[in-house]
Every structure is written in structure tokens, then in C-alpha cells.
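Chemist: from the sequence below, what's the structure:
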Amino acid sequence: MEPRLIKALKTQAEADKQEALLTLETLLDNPAGIGEHTSGHFLEEAKKAISKLGEAEDLLETIERHFGYK
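Modeler: Okay, here's the model as predicted:
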């Protein structure tokens, strides 16, 4: 059985990953869904989402590599 701590970390990372993907999808497919419409704002939001996505994927890979939980 997967320890509760690892499960909580995975669940949070998976949620962060989905949130980042949703943000990027919104920026790409429905830019009117973002309140601020400046190019700087879009770029900043995209950078945040890409960073969040990378961090979440790194955490998930680290958990799998070191603890064997997929």
C-alpha cells in the first residue's frame, strides 16, 4: 500500500499538472477567458503555467523513481 504522505504529494502534483494544462489550454484556445488582455500578461501567465507543469512532472517522476509508485 502506498503511504499516505506519498499519495498526498502525488495527488497535489497531479492537480497542479492539470491546472497548468488547463491554463495553457485557455491561453491558447480561448484567450478572451483571461481578464487582462495584454501580451505581457499572456506571456507571464504562460511562463507560470509552464513552470508549474514542469515542477509537477518533476515531482511525479521523482516519486516514481525513488519510491516506485506510479
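
Chemist: just checking, what packs against the helix or strand harbouring Asp58?
Modeler: Assessed by DSSP states H and E, Asp58 sits inside helix 39-67. Here helix 39-67 touches helix 4-29, going by 3 or more CB pairs under 8 Å, 6 or more residues apart in numbering; DSSP states H and E. Quick note: C-beta positions are derived from backbone N, CA and C, even for glycine.

Chemist: which other helices and strands contact the helix it packs on?
Modeler: Applying 3+ CB pairs under 8 Å, 6+ apart, one finds that helix 4-29 contacts helix 39-67.

Chemist: return the set of buried residues in stretch 15-22.
Modeler: Judged by neighbour count using 16 or more other CB atoms under 10 Å, the buried positions of stretch 15-22 are Asp16, Lys17, Ala20.

Chemist: turn the residues you listed into TSV, including distance to Tyr69 and pLDDT.
Modeler: Formatted as TSV, the buried residues of stretch 15-22 follow (distance: CB to CB, whole Å; pLDDT from 0 to 100):
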residue	distance to Tyr69	pLDDT
Asp16	17	98
Lys17	16	98
Ala20	21	98
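
Chemist: just these now: which is nearest Ala8?
Modeler: When the buried residues of stretch 15-22 are compared for distance to Ala8 (CB to CB), Asp16 comes out closest, at 12.6 Å.

Chemist: and the closest residue in space to that closest one that isn't next to it in sequence, how many neighbours?
Modeler: Distances taken as CB to CB, 6 or more residues apart in numbering place Ala56 nearest to Asp16, at 4.1 Å, with adjacent residues excluded. Residues contacting Ala56 under the criterion other CB atoms under 10 Å number 21.
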